[in-house]
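In: next input, structure requested:
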Amino acid sequence: MSDKPYTAETAKETIARLRANRQQRSEVATEALKRQQSENVVEAPIQAPKRASKQSSGVSTIERKNAIHATTQRLIRGELTQGQALKTLRVDVLGLTQDEYADLVKVSRKTLSDVENDRGSYKTDILNRLFKPFGLKVGIVPISSGVTWLL
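Out: Predicted structure coming up:
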């Protein structure tokens with residue numbers, strides 16, 4: 001066990017810490033690649049630490065924004081359920097396990113699992129808490145696909 005006292009992180013602080021760690025790993029890998037190219041030495045590639053989710057890899061800010069946009073568009077078109085969209089965002093954008101993400105947004109892992117598997121009916125405030133790290137919230141979505149051109 002650690003001698004350090006436990007301090008709770010806010011969702012913003014956790015996301016900022018995760019982004020800083022990802023940026024630092026990216027910079028280290030870029031520097032190593034430049035060094036390898038300049039020395040013309042063949043070395044084993046530097047491996048990034050394993051992601052929390054085995055199904056995803058690190059993504060850049062642009063890729064993250066594109067993934068969020070693509071997922072929300074699929075949700076609006078009815079290609080994904082709300083739960084499928086949340087799971088896609090959690091895994092592909094943040095690369096977090098259910099336990100880690102549930103801690104981040106301050107809900108139980110069972111609640112997160114139920115929402116991702118489209119079980120149960122949850123209040124808007126819970127759903128907003130789950131989608132907040134992606135800059136999203138629950139709202140009214142048009143039924144007709146002809147209206148989605150506004151989005």
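
In: what is the neighbour count of the nearest residue to Leu75 once chain neighbours are set aside?
Out: Closest residue to Leu75 apart from its sequence neighbours, by Cβ to Cβ, 6 or more residues apart in numbering: Ala85 at 4.4 Å. For glycine as for every other residue, the C-beta is placed from the backbone atoms N, C-alpha and C. Ala85: 21 surrounding residues under other Cβ atoms under 10 Å.

In: same question for Arg64.
Out: 18.

In: wait, doesn't it sit right on Val93?
Out: Yes - using Cβ atoms under 8 Å, Arg64 is in contact with Val93, at 5.2 Å.

In: so where does the residue nearest to Leu75 fall, helix or strand?
Out: Following DSSP states H and E, one finds Ala85 within helix 82-89.

In: packing partners for the top helix by length along the chain?
Out: If you go by DSSP state H, the chain has its longest helix at helix 11-39. Secondary-structure packing of helix 11-39 (3 or more Cβ pairs under 8 Å, 6 or more residues apart in numbering; DSSP states H and E): helix 98-105.

In: what comes up buried for whichever helix or strand comes after the helix it packs on?
Out: Once the chain leaves helix 98-105, the next helix or strand it forms, by DSSP H and E, is helix 109-116. Residues 111-112, 114-116 are the ones in helix 109-116 that count as buried (16 or more other Cβ atoms under 10 Å).

In: what mean pLDDT would you report for stretch 103-118?
Out: Mean pLDDT, computed over stretch 103-118, is 94.

In: how long is that stretch from one end to the other?
Out: Taking Cα to Cα, to the nearest Å, stretch 103-118 runs 20 Å from one end to the other.

In: can you tell me what sits against that stretch?
Out: The contact list for stretch 103-118 (Cβ atoms under 8 Å, 6 or more residues apart in numbering) reads 11, 14-15, 81-84, 86-87, 90, 96, 98-99, 101-102, 120, 122, 126-127, 129-130, 132-133.
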